[in-house]
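J.: Build me a structure from this.
(3 chains)
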Amino acid sequence: MREPPGTTGLILNEPLLWEKGKKGRRGFSLPRRDVGFYPLDEESFGEGPDFPDLSEMDVVRHYTRLSTWNFGVDTGMYPLGSCTMKYNPKVNEKLANLPGFSGAHPLLPFHHCQGALKLMFELERLLAEITGMDAVSLQPAAGAQGELTGMLLIHSYHKTKGRPRSKILVPDTAHGTNPASAALCGYRPVAVKSNEAGVLSPEPVAQAMDEDTAGIMVTNPNTLGLFEENIQEVSEIVHKKGGLVYCDGANMNAVMGMVDMGEIGVDVLHLNLHKTFSTPHGGGGPGSGPLCVKDYLQRFLPVPRILHEKSEYILSEDFPESVGKVHAFYGNFGVMAKAYCYIRSMGPENLKKASQLAVLNANYIKESLKGVFHLAYDRPCMHECVFSDRTQRAFKVTTLDMAKRLMDYGFHPPTIYFPLVVSGAIMIEPTETESKENLDLFIEACKSIAKEAEEEPELLRTAPRRSRTRRMDETAAARRPCLAG
Amino acid sequence: MKELDELTLPDDLRYAEDHEWARMEDNKVRVGITDYAQDQLGDIVFIDLPKVGEAIEKGTRFGTVESVKAVSELFMPVGGEILAVNGDLDGAPGLVNQSPYEGGWMIQVTPDNPQDLEKLMTHEAYLEMLKGLE
Amino acid sequence: MRYLPHTEDDISSMLQAVGTGSLDELFSVVPENCRRKKPLNLPEAVTEWELNELMQALSSTVASAPDYKVFMGAGSYEHYLPASVNSLLGRSEFVTSYTPYQAEMSQGTLQAIYEYQTLVARLLGMEVANASLYDGASALAEALLMAIRVTGRKRVAVSCLVHPLYRRVVKTYLEPTGYEIMELPRLKNGRTDLGPLADLDGPAALAVQSPNFFGCIENLRLMGEKAHERGALFITCFTEPLAYGIVKNPGSQGADIACGEGQSFGIPPSFGGPALGMFASMAKYVRNMPGRLVGQTLDMEGKRGFVLTLATREQHIRREKATSNICTNNSLCALGAAIYMASLGGTGTRELARLNHDKAEYLKAELKRAGFKLPFDCPTFHEFVVEFPAGFELRHKELLGKNIVAGLPLAPYYPELCNHYLLCVTETKSKEDMDVLVREVAS
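T.: Model (predicted):
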């Protein structure tokens, strides 16, 4: 059996930027001055910022060392539930940075940016096909912004029907951005409890749904990794009272080529290109959150929209019922280009295969760890599975302790304490790009940790022990915030 | 986190459903959160309290208490005018964790109806309620 | 397929462990009526070599440097990016990592973003900056919502010289909740007219851009005073952070919130995105701030480290009562900006800003000399407005054919300003480039 990835190694310290450098040092080749100096009026002009002066080597060492304190998908397995930390293909990085794309000014006349407009136009159609929806806007800059745009769209729809509504149904398993986005739109989120099987039942939805409710925000598969098997009936109940069905598509990686969202009653859906479509997470973005809608809602999509007229691609603002703009320009084009490359590289069969293997990997982990951790819902899962710390709490060991100990074994912890419906939740999403050997190493590590929880719990409570820093004092950070140096 | 039998629930206080306690002191009511609440929240980092002189009804929100990982709203166990607010909590929110019934008190209220205190739970009833939550 | 490691053997042994007969059977939980009837109708997979070709073909149709001289700004700026910046930004430990919720494994991102927050706060003269928002436009919308939360008031005043596309995003964000936006008109000299502010009852905020959309530097100190007189928060926004290399920063002029676009620092134009929403405020408002915040702390052995903090403002804890719904932001872009600012240094920032300013002044002088009218008599940074003769659209189009983009026409945004064009000069334009431009527009 192979050794777990986690080990010790020499890692170097690195001070803060302003603790280095010397005034007058230069890290930048200043372009040649070929014009004279012009006067600066005293009222408008001043001193400039207090930045440290560093040499190029100072800067390179600084960030190289900082990078060694990080852990990426390229370093090791990152089984974060609902984040879909799959491999980020390098060719996509290279091609998204071709000079015509990276150097493109967004306000160029259409004739001079056809390649960029064509890429976006085609990507819209690819995403529409994958989701089974009719029209797409690539403008939202992240999933949460896609949700907001979807809420705005639903709000506009009801306004044009002459009856603005004030509430929206949100399952108890929903991601925090769902109620937050709804509230930004002036909707009051009304919670709907999932049943003992972990999915929505039609009855509580029917009870909560009325003519003052704008619709429902579902996630499918949901955050417990389960397919919302009653979705057709739930959608019918909502539609009957004139509401719309919004689907948070964060978990799309489970169902590509398998499920047609348009067919099951979804009216509006957002995608996360930085999850399902392999664009890198970047330590917290940039992402991209395209919004996909049914035909009768496309008139509300943000503007400008890309049209193909007389063999030219153009941007059109001629949509008087549009919700408006959520981004100054067209969204995160640089991210879209990577997703486009991914979809073209995978093709239809491999996208379906990716979903099948993602689901296989998650079920394999579920079966292997079933006796080790308490399984929240003992039924087949989709691309992620949820455990809890119920078993280990008998030894006064928590989900947090086990997550920190996983680091010592060389794995990024899974998502913890979410969804809220499972106390001490541990949500594991391996994705399809992890091989069986890696999954087996992860499973072995989890088994070792469960054993340590019983026999040597102190190891867990003081974990991580091999990282550069130990557990942080988050309380002090919040009581006496120090947010700038 | 504490087991139920490890909690401190003084018998001279009254308890509300959402984990506030109330103590009558010379016709004034002192309010804070229970040992159970502070234990569930974890290290408290910030408390948002009303201003002296504000009149707030029973059952209405009077503030929020934040820990590193959670936020909880605070509701008036009895209605009335805010007579005093514990200024120590500004610089030392941890007092609520260390001493939830003494140093960690939150507000003092001139009650509209002093009899409302009797409608709140005794420490035994509160413990029963907590058992039901598990 | 090179991204899918499973062999047939892997699949069969794993199916056995799961107790399922086939991959399709794994999906038996999905009801029949939810399944796709037809396979995905997408183009067949391309090889890496075919992908290279098709992307090159698309890219080559776009007008960009060095082939084209683009004299446009308006919220997207061409600056030189040193090789060192791109090289460091490409390190996969930064690129392929997740949001730093597990602090011990993410100290690289956390320290880098803490440094970014500090540099942004120093640049803008403010006390606290967040870890980034999506772009300048959404940053302004969030700033206005924050001012509404802080003051409890429902009306805001926004200058018509704030970037027109930013104002549209603001309208989209504020409309559903019924907050009122009063648009302030402009003066003949290219600055904002604050007159109507006196008629606005109970303003939560006054928002202006400086340098504004016409490139003019506003008198922020005066405007801040007026805002505070009315009990409103003073919000300043910007599209070009390099301006603050020499322009007086918003903090020194009374801003309560300073926000805007940081793309110029380390991020190429990228057809408008990804961008970088910079956001900073006075410390007393920090609990109302949107977006992530990195704070300094100690670990359990007393070693300095960094964590995401004050998370109870955010959606994953506060849910519908959060200060914003933002989750994924633009962290890698913030990192790029920090590396760029670190490379420039304080001295370099001042020099580069001065160079941008002086190059634009040169072009202004040459255009004046050639007989063109510059209608706004105000100090500018590196953007300014020129009035070209009637019918210039034709010449503008001809110049496109000569690989020159001679400014952005203002008429679509300010209909009364036909024949007016917004020009931008950065350090990427040589004296020769500018001489050619003047010669071409004058002929």
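J.: now the helices for the stretch 351-485 of chain A?
T.: A:399-408, A:436-455, A:457-461, A:474-479 (DSSP state H, counting those that start in this stretch).
J.: Now tabulate those helices in TSV and tack on mean neighbour count.
T.: C-beta here means a position set from N, CA and C on the backbone, and glycine is covered the same way. TSV is the format used below for the helices of the stretch 351-485 of chain A (neighbours: other CB atoms under 10 Å in any protein chain shown):
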stretch	mean neighbour count
helix A:399-408	24
helix A:436-455	18
helix A:457-461	17
helix A:474-479	22
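J.: Make a markdown table out of those and add distance to chain C and mean pLDDT.
T.: As requested, the helices of the stretch 351-485 of chain A are arranged in a markdown table below (distance: least, CB to the nearest CB, whole Å; pLDDT from 0 to 100):
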| stretch | distance to chain C | mean pLDDT |
| --- | --- | --- |
| helix A:399-408 | 6 | 96 |
| helix A:436-455 | 4 | 97 |
| helix A:457-461 | 11 | 96 |
| helix A:474-479 | 4 | 93 |
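J.: closest one to residue A:81 among those helices?
T.: helix A:399-408 (12.0 Å; CB to CB).
J.: hmm, the closest one touching chain B?
T.: No: using CB under 8 Å from any CB of the partner chain, helix A:399-408 stays clear of chain B, coming no nearer than 9.7 Å.
J.: Quick one: list the elements packing against that helix.
T.: Applying 3 or more CB pairs under 8 Å, 6 or more residues apart in numbering or on different chains; DSSP states H and E, one finds that helix A:399-408 contacts strand A:415-416, strand A:426-428, helix A:436-455, helix A:457-461.
J.: Next to chain A, which bits of chain B? Give me the list.
T.: B:43, B:45, B:46, B:66, B:68, B:69, B:93, B:94.
J.: I'd like the helices of the stretch 351-485 of chain A as CSV, with distance to residue A:335 appended.
T.: Shown next, in CSV, are the helices of the stretch 351-485 of chain A (distance: least, CB to CB, whole Å):
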stretch, distance to residue A:335
helix A:399-408, 29
helix A:436-455, 27
helix A:457-461, 38
helix A:474-479, 31
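J.: Surely residue C:142 is in a helix?
T.: Yes: assigned with DSSP: H, G, I helix; E, B strand; the rest coil, residue C:142 falls within a helix.
J.: hmm, stretch C:97-104 touching chain B?
T.: No: for stretch C:97-104, no contact with chain B is found by CB under 8 Å from any CB; the gap never falls below 11.1 Å.
J.: Kindly export that stretch (C-alpha atoms) in CSV.
T.: The C-alpha trace of stretch C:97-104 is given here as CSV (Å, rounded to 0.1, in the frame of the first residue of the first chain):
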residue,chain,number,x,y,z
SER,C,97,-6.6,26.6,-4.9
TYR,C,98,-10.0,27.2,-3.4
THR,C,99,-11.3,30.0,-1.1
PRO,C,100,-9.1,30.0,2.0
TYR,C,101,-11.6,28.7,4.5
GLN,C,102,-9.1,26.2,5.8
ALA,C,103,-6.5,28.8,6.9
GLU,C,104,-3.6,26.4,7.7
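J.: contacting residues around that stretch?
T.: A:70-73, A:78, A:80, A:83, A:85, A:281-284, A:403-404, A:407, A:412-413, A:464, A:467-472, A:474, C:106, C:108-110, C:113, C:292, C:294, C:299, C:305-308, C:328, C:331 (CB atoms under 8 Å, 6 or more residues apart in numbering or on different chains).
J.: how about the least confident helix or strand in chain A by mean pLDDT against chain C, any contact?
T.: Comparing every helix and strand of chain A by mean pLDDT, DSSP states H and E singles out helix A:177-184 as the least confident one, with a mean of 88. Yes: counting by CB under 8 Å from any CB, chain C is contacted by helix A:177-184 at A:177, A:179, A:180, A:181, A:182, A:183, A:184.
J.: pretty sure residue A:313 is in a strand, no?
T.: Yes: Residue A:313 forms part of a strand when assessed by three-state DSSP.
J.: Just give the nearest non-adjacent residue to it, would you?
T.: Nearest non-adjacent residue to residue A:313, counting by CB to CB, 6 or more residues apart in numbering or on different chains: residue A:117, 3.6 Å away.
J.: next one: phi and psi at that neighbour?
T.: Main-chain dihedrals, residue A:117, degrees, to the nearest 10: phi -60, psi -40.
J.: rewinding a little: same list, the helices and strands packed on helix A:399-408, but as CSV with distance to chain B please.
T.: Below are these laid out as CSV (distance: least, CB to the nearest CB, whole Å):
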stretch, distance to chain B
strand A:415-416, 11
strand A:426-428, 16
helix A:436-455, 16
helix A:457-461, 14
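J.: where exactly do the strands run in chain B?
T.: Counting by DSSP state E, chain B has strands at residues B:14-15, B:20-25, B:28-33, B:44-48, B:55-56, B:61-67, B:71-75, B:80-85, B:107-111.
J.: Same list (those) but as a markdown table, adding mean neighbour count, mean pLDDT and distance to residue A:212.
T.: Shown next, in a markdown table, are these (neighbours: other CB atoms under 10 Å in any protein chain shown; pLDDT from 0 to 100; distance: least, CB to CB, whole Å):
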| stretch | mean neighbour count | mean pLDDT | distance to residue A:212 |
| --- | --- | --- | --- |
| strand B:14-15 | 23 | 96 | 36 |
| strand B:20-25 | 18 | 95 | 32 |
| strand B:28-33 | 22 | 96 | 35 |
| strand B:44-48 | 21 | 94 | 31 |
| strand B:55-56 | 16 | 96 | 29 |
| strand B:61-67 | 20 | 94 | 24 |
| strand B:71-75 | 18 | 93 | 24 |
| strand B:80-85 | 18 | 96 | 34 |
| strand B:107-111 | 20 | 96 | 36 |
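J.: Go through those and name the closest to residue C:135.
T.: Per CB to CB, nearest to residue C:135 of the strands of chain B: strand B:71-75, 28.6 Å.
J.: near chain C, anything from the closest one?
T.: Yes: Strand B:71-75 reaches chain C (CB under 8 Å from any CB) through residue B:71.
J.: tell me what that strand is packed against?
T.: Using 3+ CB pairs under 8 Å, 6+ apart, strand B:71-75 sits against strand B:61-67.
J.: Which residue comes closest to residue 202 once chain neighbours are left out?
T.: Going with chain A. For residue A:202, ignoring the flanking residues on the chain, the nearest one in space by CB to CB, 6+ apart is residue A:233 at 4.5 Å.
J.: meant chain C actually
T.: In space, residue C:202 is closest to residue C:153, 4.8 Å off (CB to CB, 6+ apart).
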